[in-house]
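1. Pasting the sequence and the predicted coordinates here, then a few questions.
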Protein chains: 2
Amino acid sequence: MSAEERRPDTAFWVEPAAVQSDRLTLDPTETHHLLRVHRALPGAPFEAVDGTGHLYRCVLESADGGRAAGRILERVEGAGELARPVHLLVGLSSAGSVEAVVEHAVPLGAASIDFVAAERSGRPPLGPERLARLLRLARAGLKQSRRSRLPSLRSSASVEAALSALAPGRGYVADPGGVPWTDPPQTGIQKPVVISVGPPGAFTDRELATLLERGFSRIYLGPSRLTTETAAIALLSIVRK
Amino acid sequence: MSAEERRPDTAFWVEPAAVQSDRLTLDPTETHHLLRVHRALPGAPFEAVDGTGHLYRCVLESADGGRAAGRILERVEGAGELARPVHLLVGLSSAGSVEAVVEHAVPLGAASIDFVAAERSGRPPLGPERLARLLRLARAGLKQSRRSRLPSLRSSASVEAALSALAPGRGYVADPGGVPWTDPPQTGIQKPVVISVGPPGAFTDRELATLLERGFSRIYLGPSRLTTETAAIALLSIVRK
């Protein structure tokens, strides 16, 4: 087998503080994964991502004290990241729906996801423990998809609060009254994009009006009715391509 | 509340044989759902789909003998269906992956899904029991999304066998060596489309060559690595829009 073939089929997580100029150190969990699950021996190639936009191509040097140390051969900026950041504003729904969004939207490149407690969500915003659990899911998705920048996850108390947390950008909202997506003209400047999908039962007229006042365009996602999670994944897939 | 507001937020399943000219009858399970879960009373509006492309707008007339009978007010052909059939050819993967594809691809309008035992699937094609279970999932998705045509589900033993089961049409395969999707010119004729995504580990070179010989185009799905299920949902979302 070539070195490329032996390389584990995932990236490993490295804390930014554990990266020196040409060396990095994995934490005990990631070390275990590299040495025990992937049975890496000194000299084996592996990749690590730090969640802030860096991917490191490394070779394993040692594993003293339960911490794998790698020599950095190459540092790739923004590996696996979309040219244009896409932020998601998703109406808060059931736990299964929220996890499906994270599971698919992270590999698809979402820059951030805000699970908004919309008027028809019928539940309060996600608390710190739920968000921490989702962040672990997001980190696993990041490693598996070989992205390098960990999306931020939030849960705002309203559409207004969600919008105020976002930098200005082009916005799109899934709505049966909209028009099918057409690619906007290429401008060369890759401005961030915000896509939004209502909770089960849709955004209220008031929430939709708020989005439209902010310049959001309404996108029609076809003749069938989609769940919040399917609509969010579909709209992200269309916009990112 | 208006009649529209009282209408259950799902369609009900009706066997084609249970539809007469202006009446239809639900089976006991669907009747239970309409009467007990949605608490429908005579005069209540509801919708039924027969899986062969018909949606019926009805009012409940009676529920004698545990079977709800509805008077048909309107019959809609191809309700909730895409203008252009999109067939999926997905490399067979884990049970969770297969179910995620059905769960999202049915509401998104897939005309058929073939879970192909590709060379790197490492497992035999799905048997009749697994397919029957997936068909129940598909039926639930059909009702919830208010589509009217039940997709066919298959599990072919090879890429070649999967291709031979399909009518000719434009084909696309997710592949890192491809180009990003661009909408093909509108011809007015809505020919069927086949989209294909490899199993974990991708199609082999031989399988990819088979698809390319059949005229499939390679579509690049972005800089991150996607699982089979995420890639299938993303490619369907892009192609259907």
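-> Done, it's in.
2. which parts of chain A sit against chain B?
-> By the rule Cβ under 8 Å from any Cβ of the partner chain, the part of chain A lying against chain B is A:79-82, A:100, A:103-104, A:107-109, A:144-147, A:180-183, A:221-227, A:229-230, A:233-235, A:237-238, A:240-241. All C-beta spots, glycine's among them, are computed from the backbone N, C-alpha and C.
3. List the contacts of the closest residue to A:Glu119 other than its chain neighbours.
-> Of all residues not flanking A:Glu119 in the chain, A:Thr204 sits nearest, at 4.6 Å (Cβ to Cβ, 6 or more residues apart in numbering or on different chains). By Cβ atoms under 8 Å, 6 or more residues apart in numbering or on different chains, A:Thr204 lies in contact with A:Ala118, A:Glu119, A:Arg120.
4. need the contact list for the first one.
-> A:Ala118 makes contact with A:Gly91, A:Leu92, A:Ser158, A:Val159, A:Gly198, A:Pro199, A:Phe203, A:Thr204, A:Glu207 under the criterion Cβ under 8 Å, 6+ apart.
5. could I have the biggest helix by length in chain A exported to CSV, CA atoms only?
-> If you go by DSSP state H, chain A has its longest helix at helix A:128-145. Extracted in CSV, the C-alpha atoms of helix A:128-145 (Å, rounded to 0.1, in the frame of the first residue of the first chain):
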residue,chain,number,x,y,z
PRO,A,128,-25.9,25.4,26.7
GLU,A,129,-26.0,21.6,27.2
ARG,A,130,-27.9,20.9,24.0
LEU,A,131,-25.6,23.3,22.1
ALA,A,132,-22.6,21.6,23.5
ARG,A,133,-23.9,18.2,22.3
LEU,A,134,-24.6,19.6,18.9
LEU,A,135,-21.1,21.1,18.8
ARG,A,136,-19.6,17.6,19.4
LEU,A,137,-21.7,16.3,16.4
ALA,A,138,-20.5,19.2,14.4
ARG,A,139,-16.9,18.5,15.2
ALA,A,140,-17.3,14.9,14.2
GLY,A,141,-18.8,16.0,10.9
LEU,A,142,-16.0,18.4,10.4
LYS,A,143,-13.3,15.7,10.8
GLN,A,144,-15.2,13.2,8.6
SER,A,145,-15.7,15.7,5.8
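6. Name the SS class of A:Leu236, please.
-> Recorded secondary structure, A:Leu236: helix (DSSP: H, G, I helix; E, B strand; the rest coil).
7. Distance of the residue most central in space within chain A relative to A:Pro223?
-> For chain A, the residue nearest the mean C-alpha position is A:Val106 (3.0 Å; Cα atoms, centre = their mean). As defined by Cβ to Cβ, to the nearest Å, A:Val106 lies at a distance of 29 Å from A:Pro223.
8. swap in A:Ala117?
-> When distance is defined by Cβ to Cβ, A:Ala117 is 29 Å away from A:Pro223.
9. and if you look at A:Arg23?
-> Distance, A:Arg23 to A:Pro223, by Cβ to Cβ: 56 Å.
10. When those two are compared, which one has more neighbours?
-> Neighbours per residue (other Cβ atoms under 10 Å in any protein chain shown) separate A:Arg23 from A:Pro223, with A:Pro223 holding more: 17 against 14.
11. Over to the more buried one. Which of the three states is it?
-> coil.
12. which residue sits closest to it, ignoring its sequence neighbours?
-> B:Gly80 (5.0 Å).
13. show me the contacts for the one you found.
-> Shown in contact with B:Gly80 (Cβ under 8 Å, 6+ apart): A:Pro223, A:Ser224, A:Arg225, B:Val49, B:Leu55, B:Gly109, B:Ser145, B:Arg146, B:Arg147, B:Ser148.
14. quick one, phi/psi of the second one?
-> Meaning A:Ser224. phi -100, psi 170 (degrees, to the nearest 10).
15. Need the residues that contact the helix or strand in which A:Ala209 is found.
-> Secondary structure from DSSP states H and E places A:Ala209 in helix A:205-213. Under the contact criterion Cβ under 8 Å, 6+ apart, helix A:205-213 has outside partners A:118-119, A:159-160, A:163, A:171, A:173, A:175, A:196, A:198, A:202-203, A:218.
16. which parts of stretch A:36-52 are buried?
-> Across stretch A:36-52, burial judged by 16 or more other Cβ atoms under 10 Å in any protein chain shown covers A:His38, A:Ala40, A:Ala44, A:Pro45, A:Phe46, A:Glu47, A:Ala48, A:Val49, A:Asp50, A:Gly51.
17. unless I'm mixing things up, the first one is touching A:Leu26, no?
-> To tie it back to what came earlier, the one meant is A:His38. No - A:His38 is beyond contact range of A:Leu26, at 11.7 Å (criterion: Cβ atoms under 8 Å).
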